[in-house]
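# sequence? don't have it. structure:
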């Protein structure tokens with residue numbers, strides 16, 4: 001019988017596909033869903049979704065897995081734990097399957113919906129028989145977590161435990177949610193039906209976003225035949241259905257979604273739920289705390305008194321009462337609510353909104369805003385400064401026109417950051433400024449030098465920014481010029497001062513002191529001995545090698561004589577400090593008081609707001625250029641002052 005090669009090839013392909021599926025299934029059962037294979041979980045940061053069923057973890061991609069976020073959020077749902085808890089509670093397998101279908105529906109809608117106000121999915125839902133998992137943009141927690149609901153969290157993170165959310169942050173977040181609801185209703189044509197603290201998430205950058213779409217339905221569907229749509233059924237007694245919530249929390253559900261005879265789901269249903277959420281946040285307690293008991297719910301809603309609104313800001317009361325109206329036609333739309341006096345009359349909120357869209361404004365608008373904002377921002381609480389103010393200001397540091405206005409605010413706010421936050425969010429924006437600053441910007445950085453150095457580790461700098469540091473000779477030298485400011489890292493013994501070399505007349509700086517006399521400080525050539533102990537050498541690790549590769553010498557030099565050799569001119573980072581002493585004790589020229597009111601950086605005069613009474617370090621940077629016809633060495637000087645005056 002002749003062998004049909006086509007049939008054989010097809011059979012082999014089918015067999016290979018079956019084997020591949022079985023292998024993938026086996027691997028998945030051993031290692032878990034795909035997101036757990038592709039990402040390393042760091043720590044649990046919170047929980048969210050219906051009944052706070054999802055565990056939220058901060059995570060990093062393994063190996064070469066591409067990701068637009070350095071840190072992501074991996075959502076994990078333990079199916080096996082739910083199955084075991086369901087069996088102990090005596091619930092049916094059908095209820096368990098229905099709950100998992102709600103979770104799948106939620107994840108599927110999140111993938112399809114693309115909007116800045118909706119949680120962004122990085123890797124879609126994957127599951128095996130033991131777990132479900134998906135990956136999203138980095139999150140801080142759910143709003144429910146911030147209100148004290150920490151169910152399904154093994155150990156509450158310290159930042160979440162100590163968090164105190166101010167009214168301004170709430171306003172900003174609620175306005176973002178209102179805009180997202182407007183998109184959902186008028187563009188995506190969806191009704192969420194489950195707006196609650198469990199389905200609103202706060203990102204790691206402080207933005208409030210919608211999630212929890214497991215109960216969402218099409219708004220177009222509600223305007224037609226509703227025979228296939230059923231209202232939610234709640235018990236007439238207290239029920240704890242947090243284990244397998246097959247319907248939204250009754251505390252936040254609109255009355256028309258509860259009463260079977262008058263069932264009618266509309267966009268206004270979400271506005272009722274949104275009103276309940278707003279009340280809970282502002283009053284710090286739920287409006288309808290009814291334990292999923294429909295009789296208690298209807299009683300509380302029917303006899304809602306004015307006393308319930310005594311803790312609500314007056315400018316919000318009217319709109320909030322309309323949102324909570326039993327008559328759904330009386331409720332405002334999401335777009336209407338964005339114009340509420342609660343938002344409109346708050347100048348600080350308007351400032352945050354400007355910052356949200358700052359990159360889209362022109363320089364004149366930005367400049368006018370920054371002038372007004374320079375006094376306002378000091379009244380903001382630390383969380384608003386950290387998450388709402390600092391990121392957009394850091395993004396504008398690249399704008400050379402606005403840099404002198406923005407940098408003082410960035411440096412002052414950054415002082416309250418811990419080292420990890422500084423390295424992650426502020427240093428990347430600040431580093432280009434550090435390596436290119438001149439004039440008044442350089443002087444400002446100099447005054448904050450000690451603070452900046454103490455906010456990051458050199459290991460982090462060279463590990464994450466070594467490529468930037470090595471991009472040019474000027475940049476290598478400038479970055480390295482900050483290293484001596486870390487007194488606990490490297491100790492210096494300054495030895496020689498050589499003055500008056502005519503061959504280097506372009507180097508040096510003129511200080512004008514308080515009485516108007518000019519002195520030539522920072523001599524033409526300044527050389528020091530760099531002493532590093534054995535322990536410090538070990539601590540330096542790869543830094544020393546990095547410096548050597550950058551043409552910055554880490555050994556000891558003998559001070560050059562009258563002639564500066566090519567080797568010295570091209571490889572030495574020259575630094576000096578001048579000791580500050582009182583005029584009475586200033587008996588030697590090198591001990592004279594330095595209290596300049598103006599310094600010259602290159603040829604640029606920089607006026608000081610107050611006389612600078614601090615040790616001065618001068619960094620001389622050399623760059624070579626040459627060809628067959630000749631060789632040139634260009635010398636550039638920078639002055640760096642430390643904050644402290646005790647050395």
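Good, I have the coordinates. These numbers were taken from a predicted model, which means no experiment stands behind them.

# Could you list the low-pLDDT ranges of the stretch 1-150 of the chain?
The model of the stretch 1-150 of the chain has pLDDT under 70 over residues 1-13, 15-31.

# If we use 80, what do you get?
Flagging of the stretch 1-150 of the chain using pLDDT under 80 yields the residue ranges 1-31, 63-67.

# what about residue 159, how many neighbours?
Neighbour count of residue 159, defined by other CB atoms under 10 Å: 11. Yep, even glycine has a C-beta here, placed from its N, CA and C like the rest.

# Then residue 145?
There are 29 residues near residue 145, going by other CB under 10 Å.

# and it, what does it touch?
Applying CB atoms under 8 Å, 6 or more residues apart in numbering, we find residue 145 in contact with 46, 47, 48, 52, 153, 160.

# Make sure the fourth one is actually in contact with residue 147.
Spelled out, that is residue 52. No: applying CB atoms under 8 Å as the test, residue 52 and residue 147 come out as separate, 11.4 Å apart.

# Compare the two (neighbour count), which wins?
residue 52 (22 against 17).

# Any quick PyMOL command for the buried ones out of the contacts of residue 145?
Of the contacts of residue 145, the buried ones go into a single PyMOL selection, burial set by 16 or more other CB atoms under 10 Å:
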select buried, resi 46+47+48+52+153+160
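
# Just give me the closest of the contacts of residue 145 to residue 305.
residue 52 (30.8 Å; CB to CB).

# For the closest one, give me its contacts.
By CB under 8 Å, 6+ apart, the contact set of residue 52 is 142, 144, 145, 149, 151, 152, 198, 242.

# Which member of the contacts of residue 145 is positioned nearest residue 375?
Ranked by distance to residue 375 (CB to CB), those are led by residue 160 at 31.9 Å.

# Regarding that closest one, what are the backbone dihedral angles?
In terms of degrees, to the nearest 10, the main-chain angles of residue 160 are phi -70, psi -40.

# related to what we said a few turns ago, cross the contacts of residue 145 against helices and list the overlap.
Those of these mapping onto helices are residue 160, per DSSP state H.

# ok, of the contacts of residue 145, which one's closest to residue 181?
The closest of the contacts of residue 145, once distances to residue 181 are taken by CB to CB, is residue 48, at 17.9 Å.

# which residues in the stretch 151-300 of the chain form helices?
Assigned by DSSP state H, counting those that start in this stretch, the helices in the stretch 151-300 of the chain fall at 158-161, 167-186, 219-222, 267-283, 294-302.

# most packed of those?
Stretch with highest mean neighbour count among the helices of the stretch 151-300 of the chain: helix 267-283 (a mean of 23; mean count of other CB atoms under 10 Å).

# now the angle from that one to helix 294-302?
Here the directions of helix 267-283 and helix 294-302 differ by 80 degrees (axes from the mean of the first three to the mean of the last three CA atoms, to 10 degrees).

# related to what we said a few turns ago, need the contacts of residue 145 in TSV with distance to residue 317, can you?
Shown next, in TSV, are the contacts of residue 145 (distance: CB to CB, whole Å):
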residue	distance to residue 317
46	31
47	32
48	30
52	30
153	34
160	30
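
# any idea which of the contacts of residue 145 is closest to residue 368?
Using CB to CB, residue 160 is the member of the contacts of residue 145 that lies nearest residue 368, at 37.8 Å.

# Touching, that closest one and residue 146? I think so.
Yes: the criterion here is CB under 8 Å, and residue 160 meets it with residue 146 at 7.1 Å.

# list the residues that contact both of these two?
Joint contacts of residue 160 and residue 146 (CB under 8 Å, 6+ apart) do not exist.

# and the contacts of residue 52, which are buried?
Buried residues within these, counting neighbours by 16+ other CB under 10 Å: 142, 144, 145, 149, 152, 198, 242.

# looking at it, the fourth one is touching residue 197, isn't it?
The one in question is residue 149. Yes: in this structure residue 149 lies within contact range of residue 197 using CB under 8 Å: 6.9 Å.

# Distance to residue 334 added to the contacts of residue 52, as a markdown table?
A markdown table is the format used below for the contacts of residue 52 (distance: CB to CB, whole Å):
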| residue | distance to residue 334 |
| --- | --- |
| 142 | 20 |
| 144 | 21 |
| 145 | 24 |
| 149 | 25 |
| 151 | 29 |
| 152 | 30 |
| 198 | 19 |
| 242 | 28 |
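
# Cross these against strands and list the overlap.
If you go by DSSP state E, the contacts of residue 52 have residue 142 in strands.

# tell me which of the buried ones among the contacts of residue 52 is nearest to residue 416?
Among these, residue 145 lies closest to residue 416 (CB to CB), at 23.1 Å.

# and the gap between residue 314 and residue 119?
According to CB to CB, to the nearest Å, residue 314 stands 33 Å off from residue 119.

# neighbour count winner among those two?
Using other CB under 10 Å, the more surrounded residue of residue 314 and residue 119 is residue 119, with 23 against 9.

# Contacts only, for the more buried one.
The contact partners of residue 119, by CB under 8 Å, 6+ apart, come to 110, 136, 137, 139, 201, 203, 209, 210, 211.

# Show me the domain layout of this structure.
The chain resolves into domains spanning 34-344, 354-456, 474-647 when parsed by automatic domain parsing.

# among these, where is the model least confident on average?
Within those, confidence is poorest for domain 474-647, with a mean of 34 (mean pLDDT).

# ok so, going back, JSON lines please, covering the buried ones among the contacts of residue 52 and showing distance to residue 386.
JSON lines is the format used below for the buried ones among the contacts of residue 52 (distance: CB to CB, whole Å):
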{"residue": "142", "distance to residue 386": "19"}
{"residue": "144", "distance to residue 386": "21"}
{"residue": "145", "distance to residue 386": "18"}
{"residue": "149", "distance to residue 386": "23"}
{"residue": "152", "distance to residue 386": "26"}
{"residue": "198", "distance to residue 386": "25"}
{"residue": "242", "distance to residue 386": "32"}
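
# With respect to residue 385, which of those residues is nearest?
Closest approach to residue 385 among the buried ones among the contacts of residue 52 (CB to CB): residue 145, at 21.5 Å.

# how close does the closest one sit to residue 200?
Residue 145 is 10 Å from residue 200, where distance means CB to CB.

# List the residues that contact the nearest residue to residue 174 once chain neighbours are set aside.
In space, and not counting its chain neighbours, residue 174 is closest to residue 278: 6.0 Å by CB to CB, 6 or more residues apart in numbering. By CB under 8 Å, 6+ apart, residue 278 lies in contact with 174, 316, 320, 323.

# so the last one sits right up against residue 340, yeah?
No: at 9.8 Å, residue 323 and residue 340 do not qualify as touching, with contact defined as CB under 8 Å.

# out of these two, which sits in the busier spot?
Between residue 323 and residue 340, counting by other CB under 10 Å, residue 323 is the more crowded of the two (25 against 21).

# ok, now which ones touch the closest residue to the more buried one other than its chain neighbours?
Once flanking residues are discounted, residue 323 sits nearest to residue 275: 3.2 Å by CB to CB, 6+ apart. Applying CB under 8 Å, 6+ apart to residue 275 gives the contacts 320, 323, 324, 331.

# ok, the third one touching residue 280?
Spelled out, that is residue 324. No: applying CB under 8 Å, one finds residue 324 not in contact with residue 280, separated by 11.8 Å.

# who touches both of these two?
In contact with both residue 324 and residue 280: residue 287, using CB under 8 Å, 6+ apart.

# quick one on the thing from earlier: closest to residue 454 among the contacts of residue 52?
Of all the contacts of residue 52, residue 454 sits closest to residue 145, with 31.8 Å by CB to CB.
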